[in-house]
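*Asks:* No sequence on hand, only this structure:
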Ligand code: ADP
Ligand code: MG
């Protein structure tokens, strides 16, 4: 898995925000490469730019300079429709709060991105069931988000994020809202899914114990990506 093209590559990415007269530099030449099946922790203090980096990697925001490659394809020259299609087909996103649609069941929440992509209801339902079983929430598939625990909601959100078999899974503090035991359980399910699917995962977390279990960890230092060692 170390040869070949990375699933995700950020090349000298810059992002600056205008603050009145002055300019706030959040990313100042950030470089990241993540291979298929690799799980990378992003650990940095609040305000360091983790969410900014994830949004740019997820094509939800554009860099001011530099380039994002998904499975080798440069995304900078895509127009809005091209970026939306690229995001829908190649990237999955998990947030700290699940953002599931409250009026739909767990199963339907996992089906929807597949149906938006054009798959039939039947195919989408089969895949959704498989994923929910894999995340060990099959028996809860017909329940709405409000009827699920926090850990179950996050496992549904993870299943939804990988429903279209993305190359890249981006997660912004996905266990930040859970108690430690539930966080471990959700993290173990996430790990199994990454290993089984070969998706490349970049996971922002404040939890050093979980970060240490990933393949490697990176941090942000003055807008640049630096390796992080534990222990
Ligand atoms: P983290 O996720 O590591 O806490 P963020 O990426 O959310 O950090 O934010 C990094 C810095 O950029 C912070 O100082 C934040 O206030 C600033 N920032 C984030 N988004 C915007 C925005 N849309 N406009 C202006 N400043 C922003
Ligand atoms: Mg953040």
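*Replies:* Thanks, I have it. This structure is a prediction, so every number in the text was calculated from the model and none was measured. Residues are numbered from 1 along each chain as shown. Ligands and ions are numbered 1, 2, ... in the order given.

*Asks:* Now do the helices in the protein.
*Replies:* 50-57, 80-90, 106-116, 121-134, 150-161, 180-197, 208-213 (DSSP state H).

*Asks:* which one of those lies closest to ligand 1?
*Replies:* Nearest to ligand 1 among those is helix 50-57; the distance by CB to the nearest ligand atom comes to 3.3 Å. Using the backbone N, CA and C atoms, a C-beta is placed for each residue, glycine as well.

*Asks:* which intervals of the chain have sub-threshold pLDDT?
*Replies:* Filtered on pLDDT under 70, the chain yields the residue ranges 1-3, 231.

*Asks:* give me every residue that touches the most centrally placed residue in the chain.
*Replies:* Nearest to the geometric centre of the chain sits residue 170, at 1.4 Å (CA atoms, centre = their mean). Neighbouring residues of residue 170 by CB atoms under 8 Å, 6 or more residues apart in numbering: 54, 57-58, 91-94, 201-203.

*Asks:* Return the distance of it relative to residue 42.
*Replies:* Look at residue 170 and residue 42: by CB to CB, to the nearest Å, they are 9 Å apart.

*Asks:* which residues do these two both contact?
*Replies:* 54, 202-203.

*Asks:* Just send those back as a markdown table, with neighbour count and distance to ligand 2 too.
*Replies:* Putting those into a markdown table (neighbours: other CB atoms under 10 Å; distance: CB to the ion, whole Å) gives the following:
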| residue | neighbour count | distance to ligand 2 |
| --- | --- | --- |
| 54 | 22 | 8 |
| 202 | 26 | 13 |
| 203 | 27 | 12 |
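
*Asks:* Now distance to residue 84 too, for those residues, in CSV please.
*Replies:* Supplementary listing: those in CSV, determined by distance: CB to CB, whole Å:
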residue, distance to residue 84
54, 17
202, 20
203, 24
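
*Asks:* closest to residue 132 among those?
*Replies:* The closest of these to residue 132 turns out to be residue 203 (CB to CB; 20.7 Å).

*Asks:* Can you give me the distance of that closest one to residue 92?
*Replies:* On the measure of CB to CB, residue 203 and residue 92 end up 12 Å apart.
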